[in-house]
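Pasting the sequence and the predicted coordinates here, then a few questions.
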Amino acid sequence: MIVRDLLTIQRHRCVPNSAASHKPYAPMRPRVAQCGIIRHPICHKNSKVLAKGVKHEAAPLATEEDHVRQILADVGGKQKVMIAQVAPAVRVSLGEEFNVDPPVTGKIVTALKLLGFDYVFDVIAGADLTILEEGSELIQRLADNLQGKEDAAPLPMFSSCCPGWIEFVEKCSPEVIPYVSTAKSPHMMQGAIIKTFFSDIIQRSEEDISVTSVMPCVRKQGEADREPNQTPAGHRHVDHVVTTKGLAQMIKDAGIDFANLPDTHFDAFMGLGSGGAVLFGTTGGVTEAALRTVYDIASQGSGAGPLDHLEFEDVRGMDGIKETSLRIPANPEGPLHNSEELELHVCVCNGLGNAKKLLKETTEGKSKYHFVEVMACPGGCIGGGGQPRSKGKEALMARQKALYNLDSSSEIRQSHQNPVIKDLYTKYLVTPGSEVAETLLHTGYVEGGPAKFKGQGVSETSDEDICDADDI
């Protein structure tokens, strides 16, 4: 028997906005011949964290080129600990700039080390963290609605990883804000973890750490510029964003022979992710990763056993709107407290135009879905504006296939099984949705968008353009 439709028992409810000691990690060093770049040693000088409440006045860095210049200046200054973190879509597209077949993950790490970064982390670790937080939020919404709580957050819950989608909601459809997950995107979660916990591990002030995200998206810098994405002392969680094309240009300008670079592993602290997290790089990937984890958490103790399949073919591919469902077994003692089997309905929207079709029925309480993933760009992050210019749909499909292959070959394929993430919760975060997790890993949304750091108030797209766009 299928449990009653959760969407009929809630309408238009609002979502509230919402250390141990370790030995310092030694950064991985690439084994490469000299490429004309002199690496600087990490500075082990200890310095005190700025007092809480002191607002950091960021320099007006308006363009990606400005951020690259600041990165290179910080590398040359040899005072900051330089940290890079790499999004999943980058590893299946950067090679196109150098005629190297994907994935080029290890070469990217080596190149970033040669460019002067002391540590290189993998954003798929942050994606696993996002799944734990976003998945737990979905489970809480489902449970509250099953119990008929008046203050239950509304369904369907929309994903929150895509800054183009978030900008659209805030500027064009603010009535949808209560439906959007409060979970930050993977690189912003990871930036917060680095500035809060990794700074203690390496015994450096957050002021002395510079975090650069390598992203397929031109809107990720705007996301990093949101004032809520800062430490209590007023420092950015993510200082700079470089696109895939921007990194390719840095590599070329440095005279690095990318095609012949050996592979280097990511550094250990946030260097391991699941196959599900890799799929964040393409449309449907967030949904697939979420379903793998939500099922296991919701069915734990029911005696139903693990999922009999990890691939959700219905949400794969390039179609504009995709949907699937997942039956969660009755589990009265589980987190949903469901005495009957629950059929979870999910939808994936590829491009803003397709998302717009669902918004009216959502706000009118007529949607049949419990979770909706939205990516503003065609194909998701693999088709982001910061990616190498593709030669049509075939190029996007090749990138997507490479991500599917990385997932299927991963030893760990579910986010909640990642030992790196388990360790974070054990040592620092306690549980998904804990007070510390809410503070660091969740955010809120504002009609018209929040304030930006000084010098960062210019939107990438006019309000009129983004409200009329079908994709970005």
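That came through fine.

Just to be sure, residue 399 is in a strand?
No - Residue 399 is assigned helix when assessed by DSSP: H, G, I helix; E, B strand; the rest coil, not a strand.

State the distance from it to residue 95.
10 Å (Cβ to Cβ, to the nearest Å). Glycine gets a C-beta too; all of them are placed from N, C-alpha and C.

which neighbours do those two share?
Common contacts of residue 399 and residue 95 (Cβ atoms under 8 Å, 6 or more residues apart in numbering): residue 102.

Those two: which has the busier surroundings?
residue 399 (27 against 22; other Cβ atoms under 10 Å).

check contacts around the more buried one.
Going by Cβ under 8 Å, 6+ apart, the list of residues near residue 399 reads 89, 92, 93, 102, 281, 282, 379, 382.

Was I right to think residue 289 contacts residue 415?
Yes - contact status for residue 289 versus residue 415: in contact at 5.8 Å, counting by Cβ atoms under 8 Å.

Find residues that contact each of the two.
127, 128, 131, 274, 276, 277.

what's the burial count for the residue nearest to the second one when sequence neighbours are not counted?
When you say that, I think you mean residue 128. Counting by Cβ to Cβ, 6 or more residues apart in numbering, the nearest residue to residue 128 once its immediate chain neighbours are dropped is residue 415, at 3.9 Å. The number of residues packed near residue 415 is 28, by other Cβ under 10 Å.

try residue 441
Residue 441 has 25 nearby residues by other Cβ under 10 Å.

With residue 303 instead?
With other Cβ under 10 Å as criterion, residue 303 counts 9.

and the residue lying closest to residue 138 once chain neighbours are set aside, what does it touch?
Closest residue to residue 138 apart from its sequence neighbours, by Cβ to Cβ, 6+ apart: residue 157 at 5.3 Å. Shown in contact with residue 157 (Cβ under 8 Å, 6+ apart): 137, 138, 141, 179, 180, 181, 370, 371, 372.

What does the pLDDT read for the second one?
If I follow you right, that is residue 138. We have a pLDDT of 98 for residue 138.

Strands of this protein, residue ranges please.
81-86, 119-122, 157-158, 209-215, 240-243, 321-328, 342-350, 371-375 (DSSP state E).

which outside residues touch the second one?
Right, strand 119-122. Here strand 119-122 has contacts from 25, 27-28, 81-86, 108-109, 112-113, 190, 194, 264, 266-267, 269-273, using Cβ under 8 Å, 6+ apart.

before we move on, what about the last one?
Residues external to strand 371-375 that are found in contact with it (Cβ under 8 Å, 6+ apart): 138, 156-159, 161-162, 165, 283-284, 286-287, 290, 315, 344-352, 355, 358, 362, 381.

Of those, which qualify as buried by neighbour count?
By neighbour count, with 16 or more other Cβ atoms under 10 Å, the contacts of strand 371-375 hold 138, 156-159, 161-162, 165, 283-284, 286-287, 290, 315, 344-352, 355, 358, 362, 381 as buried.

just so I have it, where are all the helices in the stretch 251-400 of the chain?
275-278, 285-299, 352-363, 393-408 (DSSP state H, counting those that start in this stretch).

picking that back up, right, and out of the contacts of residue 157, which lies closest to residue 334?
Proximity of the contacts of residue 157 to residue 334 (Cβ to Cβ) peaks at residue 138, which lies at 14.0 Å.

hang on, that closest one packs against residue 290?
Yes - with contact defined as Cβ under 8 Å, residue 138 reaches residue 290; the gap is 7.1 Å.

still on that earlier bit, is it possible to get JSON lines of the shared contacts of residue 289 and residue 415 that adds distance to residue 150, pLDDT and neighbour count?
Converted to JSON lines, the shared contacts of residue 289 and residue 415 look like this (distance: Cβ to Cβ, whole Å; pLDDT from 0 to 100; neighbours: other Cβ atoms under 10 Å):
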{"residue": "127", "distance to residue 150": "34", "pLDDT": "98", "neighbour count": "31"}
{"residue": "128", "distance to residue 150": "33", "pLDDT": "98", "neighbour count": "32"}
{"residue": "131", "distance to residue 150": "29", "pLDDT": "98", "neighbour count": "29"}
{"residue": "274", "distance to residue 150": "37", "pLDDT": "98", "neighbour count": "27"}
{"residue": "276", "distance to residue 150": "34", "pLDDT": "98", "neighbour count": "29"}
{"residue": "277", "distance to residue 150": "35", "pLDDT": "98", "neighbour count": "33"}
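
Dead centre of the chain: give me the residue that sits there.
In the chain, the centroid-proximal residue (Cα atoms, centre = their mean) is residue 186; its distance is 2.3 Å.

For that one, which non-adjacent residue is spatially closest?
residue 126 (3.5 Å).

again, but for residue 272
Closest to residue 272 by Cβ to Cβ, 6+ apart is residue 420, at 4.7 Å.

For that neighbour, give its distance to residue 124.
10 Å.

Show me the common contact partners of the two, please.
residue 273.

what about these two, which has more around it?
Shown here are residue 420 and residue 124; by other Cβ under 10 Å, residue 124 has more neighbours (36 against 20).

State the distance from that one to residue 271.
In terms of Cβ to Cβ, residue 124 sits 9 Å off from residue 271.

Low-confidence bits of the stretch 51-200 of the chain, can you list those?
For the stretch 51-200 of the chain, the stretches with pLDDT under 70 are 51-61.

Counting neighbours, which bits of stretch 317-333 end up buried?
318, 320, 322, 323, 324, 326, 328, 329, 330, 331.

Going by distance to residue 452, which of the residues you listed wins?
Using Cβ to Cβ, those come closest to residue 452 at residue 320, 31.3 Å.

Look up phi and psi at that closest one.
phi -70, psi -40 (degrees, to the nearest 10).

Name all residues that make contact with it.
Neighbours of residue 320 in contact, by Cβ under 8 Å, 6+ apart: 349, 350, 351, 353, 354.

Including pLDDT, could those residues go into CSV?
Converted to CSV, the contacts of residue 320 look like this (pLDDT from 0 to 100):
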residue, pLDDT
349, 95
350, 90
351, 89
353, 89
354, 90
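
Pick the one among those residues closest to residue 439.
Looking across the contacts of residue 320 and measuring by Cβ to Cβ, the closest to residue 439 is residue 349, at 29.9 Å.

what's across from the closest one in the sheet?
With DSSP bridges as the criterion, residue 349 is bridged to residue 321, residue 374.

Report the contact partners of residue 381.
87, 88, 89, 216, 217, 280, 281, 282, 375.

Hmm, the fourth one is touching residue 246, no?
No - with contact defined as Cβ under 8 Å, residue 216 and residue 246 do not form a contacting pair (10.7 Å).

Compare those two (neighbour count), which wins?
Each of residue 216 and residue 246 has its neighbours counted (other Cβ under 10 Å); residue 216 has more, 27 against 20.
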